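Chemist: with the sequence up front, the predicted model follows.
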Amino acid sequence: MAIEFTHVPGKPANGSFFYDFAETATKLSLIEDSGFRKLVVDDPAGLLTNMDIAAQTLDRTGSLEVVLTHWAGVIEPTVAARQLAALDRRGGGRLSLRMLSEPLEDSDAEARPVGHGVVWQRIDEYLVLLKRLWSNDRPFDHEGAFYSVRGGFVPRKGPHGADLVIRLGGQSGTALKVAGKHADVFELAAGSPDEVRQLMERARGAAAEHGRGGRLRFALPVRIHADGWSGTPDHKAVEIAGPPARIALALLPYAALGIEEFMIGGIDRPGEIARIGRETITLVANSLARREVEIPQPGAFAATSFAEHRAG
């Protein structure tokens, strides 16, 4: 089973991994050459800056895929659909869309109560419209709970059309329902291998209700502390400390669950990026290749305890 590694840039003191793009371009080449397949673009400046950074990243790399962080409600679906289709064309099909949930704007709160369910309802309608705009061959009208579209049409579709990869996450029943309907990649929450397995089963069940149970792929956020660590976890990613070989060993029980992507954060210095790519990514790939030849039993990677993996 092939495992993909995605680089998740941190947010340094200057506010952005992409603060100096000349310096960033050098890091992008290193990330690409070190075995990472994808890069998450999630800048503190927000959606429009993310789109600009995504365009520059696609222009300056040859194979690196861009995972663009996006929010419903910041721009209208028709505008977003055109811009995202243009980005997908620009990168030759190397774009995927990572949808995050955030509260509705204050102006929206005056018209309707704001709550968790409302946020996810808007994401659902937004994604339905994006997919329709990326696939329709003639203009259409739409009147929904959150969006009104007249003559909606994107004349130049992206390489993926309506099949642009959509990434979602969440743990509530509402979030899982929307993810089950739309997600190609489900971003998991932190937890022990058993906790992660349970969330995977819930997500697959939600996708199965839409006939998509076998289509869903899973990504796990992992925060690496390459120089040792004795702090407390931030509860947003699995936390691992130690040398590359120990990091690789800690990832194997998760790979055994069927996770196909590790989203690696915490390594922004060139030396760390190169070392994790040269050693950890290679070790994980080689270990999985050997296990496949040996035809392992389910759970064969899970012998080492989760507590040991998180020890600094």
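Modeler: The structure has been received and is ready for your questions.
Chemist: poorly predicted segments of the protein, please.
Modeler: Where the chain drops to pLDDT under 70, the residues are 1, 12-15, 103-114, 226-236, 295-312.
Chemist: neighbours of R150, how many?
Modeler: Using other CB atoms under 10 Å, the number of residues around R150 comes to 10. (C-beta placed from N, C-alpha, C; glycine too.)
Chemist: where does it land in three-state SS?
Modeler: strand (DSSP: H, G, I helix; E, B strand; the rest coil).
Chemist: so what's it up against?
Modeler: D141 (CB atoms under 8 Å, 6 or more residues apart in numbering).
Chemist: now do the buried residues in the longest helix out of those in the chain.
Modeler: Taking DSSP state H as the criterion, the chain has its longest helix at helix 116-135. Neighbour-count burial for helix 116-135 flags 118-134 (criterion: 16 or more other CB atoms under 10 Å).
Chemist: and the longest strand anywhere in the chain, which strands flank it?
Modeler: In the chain, with assignment by DSSP state E, the single longest strand is strand 217-225. Strand 217-225 pairs in its sheet with strand 185-187 (parallel), strand 238-241 (parallel), strand 261-265 (parallel), by DSSP bridges.
Chemist: okay, these in TSV with distance to L176 next?
Modeler: Listed next are these as TSV, based on distance: least, CB to CB, whole Å:
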stretch	distance to L176
strand 185-187	9
strand 238-241	20
strand 261-265	19
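Chemist: tell me the first helix or strand C-terminal of the longest helix of the chain.
Modeler: strand 140-143 (DSSP states H and E).
Chemist: so which residues make contact with that next one?
Modeler: 129, 132, 148-153.
Chemist: distance to A2 for the residues you listed - can I get that in JSON lines?
Modeler: Shown next, in JSON lines, are the contacts of strand 140-143 (distance: CB to CB, whole Å):
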{"residue": "L129", "distance to A2": "33"}
{"residue": "R132", "distance to A2": "32"}
{"residue": "S148", "distance to A2": "44"}
{"residue": "V149", "distance to A2": "39"}
{"residue": "R150", "distance to A2": "45"}
{"residue": "G151", "distance to A2": "43"}
{"residue": "G152", "distance to A2": "38"}
{"residue": "F153", "distance to A2": "38"}
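Chemist: how far does the longest strand of the chain sit from the chain's center?
Modeler: Taking CA atoms, centre = their mean, to the nearest Å, one finds the center of strand 217-225 at 9 Å from the center of the full chain.
Chemist: what residues of it count as buried?
Modeler: Quick answer for strand 217-225 (16+ other CB under 10 Å): 218-225.
Chemist: what's in contact with it?
Modeler: 6, 8, 167, 184-188, 190, 196, 200, 203, 233-234, 236-242, 247, 251, 254, 257-267, 272, 276, 312.
Chemist: just the buried residues of those residues.
Modeler: For the contacts of strand 217-225, buried by 16+ other CB under 10 Å: 6, 8, 167, 184-188, 190, 196, 200, 203, 237-242, 247, 251, 254, 257, 259, 261-267, 272, 276.
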